[in-house]
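>>> After the sequence you'll find the predicted model.
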Amino acid sequence: MTYATTNPYTGETLATFPFATDAEVDSAIEAAHAVFTEWRETDFATRAAVMHRAAEILRRDIDDFARLLTLEMGKLLSEAKAEVALSADIFAYYASHAAALLAAEPLPVADPAEGQAELVCEPLGVLLAIEPWNFPYYQIARIIAPQLSAGNTMLLKHASNVPQSAARFEALMLEAGLPKGGFTNLYATRDQVSRILHDPHVHGVALTGSEAAGAEVAQIAGAALKKSTMELGGADAFVVLADADMDKTVKWAVFGRHWNGGQVCVSSKRMIIVDEVYDAFLASYTQGVAALKMGDPRDPATTLPPLSSQKAADDLRAMIDKAVEHGATATPVGPDIPNQGAFVQPTILTDIGEDNPARYWEFFGPVSMLFRAKDEADAIRIANDSPYGLGGSVFTADTKRGADVARRISTGMVFVNHPTMVKADLPFGGIRRSGYGRELLGLGIKEFVNHKLINVVDIDAPF
């Protein structure tokens, strides 16, 4: 693993960065701890000013921030700007709400002799964030905005292919007024993750990434007795009932599966359509996917960017081949891929039998799995037949019915008449192999705080 900026569209490696030394890692931990001892004592207004300033800088320099995302991981420029804006919204949300979210909570004690009891939230200390490449800024913002607002300090180990994005966010927080050492980007090795988590000044880790990475880091955190949260893979169900508005549903399906090049843990990877409308959906969906335009992600006319790397493209093609070996039908859709860039031909997989292991995989790119369900109950059964449990969606003209179906889908998030979305004021997280813990809102800010009981009792001793 080398930290390097390689343009996924041109294949050109533009910059490389050396690994952090053990001495640099130890120094960063010490600095983060030193800042924590003061930062934890600052009031919410002081912390909020830093969050507000970070949001202002992101909005002011949105074009510069966005261009770096497009350069490093191939994101469409329009989607890159949307990510920068979302990151700004997250900082602004915690600037406005952190104090209320962490306010002391009086407890309704049953016996007056118990005194006056309350729960207070106190920061833990230095935390480690391990983040992926598909949303280089948003993934950072959704962990550091709440945790810095809570009074913790942060270390970052980002994905190896977005090193400049990681460094840019450290510079952002310094410009916003965070004390130096309060948030530090480290080009750490995998072995140094263990070093960090076993340091007594470090009190937890938040990871977004693959199942394999999550299992490895959770094991290290468990051995070190450190708190962890894991946001892992997903294979979101996109359930289409017979009464759904087909035109709107198909448009959302094409978007839901292909935004960010299909490289989204909550993209609509499994289309589950009741038999009555399956054929109509398949025909319209195929047309919609065929209309996507592959090309330079900086070109406003491009609607499907390259994958993040040539390796990612090669691995995805290998997964398609294995799915076909096990009986699936793979239908390439649209024009041939461009002559340059880490592109994969959009592909629709059908005839995925229950004995086909691909049924339970996460395809990270423009590959759609379509399933024909006998009826609503069968659609729910297929939706729940997954090792993942991140997000999902239900499309129907009857929104009450849609909400009822959503309650029967076993995931952390379900949307009615919209693909799974991410917003600053909505919680995020899943169950089963999609991980544990929540990010954003009060759920996120309280993941790494000490929920301390303070009980004031003033009664005579019994003897």
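Thanks, I have it.

>>> Show the contacting residues for the residue nearest to F343 when sequence neighbours are not counted.
Leaving aside its sequence neighbours, F343 sits nearest to I337 (C-beta to C-beta, 6 or more residues apart in numbering; 4.0 Å). Backbone N, C-alpha and C define where each C-beta goes, glycine included. For I337, the contact set (C-beta atoms under 8 Å, 6 or more residues apart in numbering) comprises 294, 343-345.

>>> Am I right that I337 sits in a strand?
No - the assignment for I337, made by DSSP: H, G, I helix; E, B strand; the rest coil, is coil rather than a strand.

>>> Can we start the residue count at 36 from this point?
OK, 36 is where the count begins now, so the last one is I372.

>>> re the thing from before, of the contacts of I372, just say which sits nearest to P422.
V379 (23.4 Å; C-beta to C-beta).

>>> hmm, back to that, quick one: the residue nearest to F378 and N196, what's the gap?
Applying C-beta to C-beta, to the nearest Å, the value for I372 to N196 is 20 Å.

>>> What of T105?
13 Å.

>>> try L209
23 Å.

>>> Then L190?
Look at L190 and N196: by C-beta to C-beta, they are 19 Å apart.

>>> wait, doesn't A202 sit right on T219?
No - judged on C-beta atoms under 8 Å, A202 makes no contact with T219 at a distance of 10.4 Å.

>>> Comparing these two, which shows the higher neighbour count?
Between A202 and T219, counted using other C-beta atoms under 10 Å, the more crowded position is T219 (22 against 17).

>>> List the contacts of N452.
283, 287, 428-431, 434, 437.

>>> how about these in a markdown table, adding neighbour count, distance to I387 and secondary structure?
Formatted as a markdown table, those follow (neighbours: other C-beta atoms under 10 Å; distance: C-beta to C-beta, whole Å; DSSP: H, G, I helix; E, B strand; the rest coil):
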| residue | neighbour count | distance to I387 | secondary structure |
| --- | --- | --- | --- |
| K283 | 12 | 26 | helix |
| W287 | 22 | 22 | helix |
| S428 | 29 | 19 | strand |
| V429 | 30 | 20 | strand |
| F430 | 26 | 20 | strand |
| T431 | 23 | 24 | coil |
| T434 | 12 | 29 | helix |
| G437 | 22 | 25 | helix |
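
>>> Format these as a markdown table; extra columns: pLDDT.
Below are these laid out as a markdown table (pLDDT from 0 to 100):
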| residue | pLDDT |
| --- | --- |
| K283 | 98 |
| W287 | 98 |
| S428 | 98 |
| V429 | 98 |
| F430 | 98 |
| T431 | 98 |
| T434 | 97 |
| G437 | 98 |
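
>>> Turn those into TSV, columns for distance to N452.
Shown next, in TSV, are the contacts of N452 (distance: C-beta to C-beta, whole Å):
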residue	distance to N452
K283	8
W287	8
S428	8
V429	8
F430	6
T431	7
T434	7
G437	7
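
>>> Looking at these, which two lie furthest apart in space?
W287 and T434 (14.6 Å).

>>> any idea how far the residue nearest to F378 is from V379?
7 Å.

>>> Tell me where the stretch 286-435 of the chain has helices.
Using DSSP state H, counting those that start in this stretch, the helices found in the stretch 286-435 of the chain span residues 310-325, 345-360, 411-419, 434-442.

>>> I'd like to know which of those helices lies nearest to L93.
helix 345-360 (26.9 Å).

>>> what stretches of this structure score poorly on pLDDT?
For the chain, the stretches flagged by pLDDT under 70 are 36.

>>> residues in contact with the spatially closest residue to P53 that is not a sequence neighbour?
Excluding the flanking residues, the one nearest P53 by C-beta to C-beta, 6+ apart is Y222, at 6.9 Å. For Y222, the contact set (C-beta under 8 Å, 6+ apart) comprises 38, 52-55, 198.
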